[in-house]
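K.L.:
A predicted structure for the sequence below; I have some questions about it.
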Amino acid sequence: MSIPTEPIGSIPRPPELIAGIGANAAGTLPAGELAVLFDSALRDTVQRLEATGSPVISDGEQTKPSFATYPLDGSDIYASDGAVIPFADGHTRQLPRLVGGPFRYGTYAEGYLRAAKKLTDLPVKQAVIAPSALSLLYPADGVSGYSREEFIADLLNEAEADVRRALEAGAHVVQLDFTEGRLALKLDPSAGVLGSFVELNNQLLDRFTEAERAKIGLHTCPGGDGDSTHSADIDYALLLPDLFRIQVGNVYIQLASEADPRRVLEIAAQHLRPEQRLFVGVIDPIDPKVETPEEVRDRILLAAEFISPEQLGSTDDCGFSPFADDVSTSRDIAFAKIQARVQGTALASEQLGV
């Protein structure tokens with residue numbers, strides 16, 4: 001059995017889809033045209049992922065407004081002035097702010113999964129947002145008539161439904177996106193926020209059986225967006241021990257863009273549990289240079305010095321375009337990088353004899 005390789009999630013949208021999303025928001029797109037653009041982008045994404053040789057694919061998040069905010073589609077209990085996330089290059093992203101209750105998902109990820117599965121016979125993984133990220137929607141000064149305790153209870157119920165529906169729809173793996181993990185340490189160096197995030201995610205995972213958790217993964221990275229990050233300056237060593245306390249079967253970590261991958265692997269090896277598989281990032285979505293298969297191979301071989309091949313997998317550091325308006329990376333470069341990951345993983349598997 002060769003070393004498994006999987007994508008993280010998002011693929012850059014075609015320019016015509018990005019333009020259509022903007023026109024739709026402005027009210028100038030003809031009725032029904034956005035659905036046509038979404039369908040075309042999804043079909044092209046699935047076909048091109050298949051062409052890379054990837055044994056597992058995703059929908060590329062072509063129809064999500066962002067990896068974080070898709071559950072809010074169809075809901076009107078939010079204001080636009082929520083928490084602001086600053087990135088290293090000076091740009092920001094702003095989350096919505098909850099203004100009423102009860103909290104309910106307007107959209108579940110199951111729909112994205114079913115649409116992709118209709119277009120391929122390959123296994124399809126589904127990324128969902130972690131409840132820890134959605135907990136940031138609740139404002140510090142509270143919501144009138146709706147306590148934080150009530151919100152957290154509703155949030156956990158909805159997050160469970162999101163994961164469970166994707167599993168029942170046949171997801172190869174359901175991946176919790178946890179890019180806020182490293183960011184939590186930037187917001188609160190005492191690690192109190194990180195600890196609360198870990199406990200909240202584990203409250204969700206406690207609702208699933210051991211067999212179900214084996215098909216649930218967790219991804220962390222320093223928040224790649226627009227060729228910048230929000231927390232790459234935070235020491236990974238502060239996150240990793242807590243990261244591996246989260247009760248998932250697969251852990252996906254950014255590593256290709258890390259300054260000292262050997263140190264990260266040493267720490268990961270100390271905390272990886274026997275029932276977990278570690279997927280190491282071997283592709284840097286922010287770097288415009290396309291990695292060679294040989295570079296990918298060597299990154300996996302380095303990881304194999306610390307992690308048994310039976311517990312090792314390869315992936316991309318982050319999604320290539322987590323927000324729908326991100327044009328920092330082209331589709332062609334993204335697919336070329338994915339193909340290099342697939343080919344390099346095969347080279348590493350051959351050299352390791354697995």
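P.N.:
Perfect, I can see it now. Residues are numbered from 1 along each chain as shown.
K.L.:
I figured residue 338 hits residue 314, correct?
P.N.:
No - judged on C-beta atoms under 8 Å, residue 338 makes no contact with residue 314 at a distance of 10.9 Å. C-beta: built from backbone N, CA, C; applies to glycine.
K.L.:
and for residue 267, the neighbour number?
P.N.:
The local packing count at residue 267 equals 18, with neighbours defined by other C-beta atoms under 10 Å.
K.L.:
for it, identify the helix or strand it belongs to.
P.N.:
With the criterion set as DSSP states H and E, the secondary-structure element containing residue 267 is helix 261-271.
K.L.:
and the contacts of that helix?
P.N.:
236-237, 240-241, 243-244, 253, 255, 258, 278, 280, 299, 302-303, 305-307 (C-beta atoms under 8 Å, 6 or more residues apart in numbering).
K.L.:
the residues you listed in strands, which ones?
P.N.:
253, 278, 280 (DSSP state E).
K.L.:
out of the residues you listed, the closest to residue 328 would be?
P.N.:
residue 253 (21.6 Å; C-beta to C-beta).
K.L.:
residues contacting the closest one?
P.N.:
For residue 253, the set of contacting residues under the criterion of C-beta under 8 Å, 6+ apart consists of 219, 220, 221, 240, 243, 264, 268, 278, 279, 280, 281.
K.L.:
which pair in these has the greatest spatial separation?
P.N.:
Maximum pairwise distance in the contacts of residue 253, criterion C-beta to C-beta, is 15.0 Å, between 219 and 264.
K.L.:
tell me where this protein has strands.
P.N.:
Counting by DSSP E, residue ranges of the strands within the chain are 78-79, 84-86, 92-94, 97-98, 126-129, 174-177, 216-220, 250-253, 277-283, 312-316.
K.L.:
residue 38: which of the ones you listed is closest?
P.N.:
strand 126-129 (16.8 Å).
K.L.:
mean confidence score for that closest one?
P.N.:
For strand 126-129, mean pLDDT is 97.
K.L.:
contact partners of that strand?
P.N.:
If you take C-beta under 8 Å, 6+ apart as the criterion, strand 126-129 is touched by 8-10, 58-59, 61, 67-71, 109-110, 112-113, 159, 162-163, 166, 169, 171, 173-177, 219, 319.
K.L.:
and for stretch 235-244?
P.N.:
Looking at stretch 235-244 with C-beta under 8 Å, 6+ apart, the contacting residues turn out to be 178, 181-182, 185, 191, 194-195, 198, 218, 220, 251, 253, 258, 263-264, 267-268, 271-273, 276.
K.L.:
what do you get for stretch 290-300?
P.N.:
Outside stretch 290-300, the residues within contact range by C-beta under 8 Å, 6+ apart are 3, 255-256, 261, 280, 282-284, 312, 314, 333, 336-337, 340-341, 343-348, 351.
K.L.:
just confirm residue 85 contacts residue 230, I think it does.
P.N.:
Yes - using C-beta under 8 Å as the test, residue 85 is close enough to residue 230 to be in contact (5.5 Å).
K.L.:
between the two, what contacts are shared?
P.N.:
Taking C-beta under 8 Å, 6+ apart as the contact criterion, the common neighbours of residue 85 and residue 230 are 183, 223.
K.L.:
if we can go back for a sec, buried among the contacts of stretch 290-300? Need that as a selection in ChimeraX.
P.N.:
With 16 or more other C-beta atoms under 10 Å as the burial test, the buried ones among these are selected in ChimeraX as follows:
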select :3,255,256,261,280,282,283,284,312,314,333,337,340,341,343,344,345,346,347,348
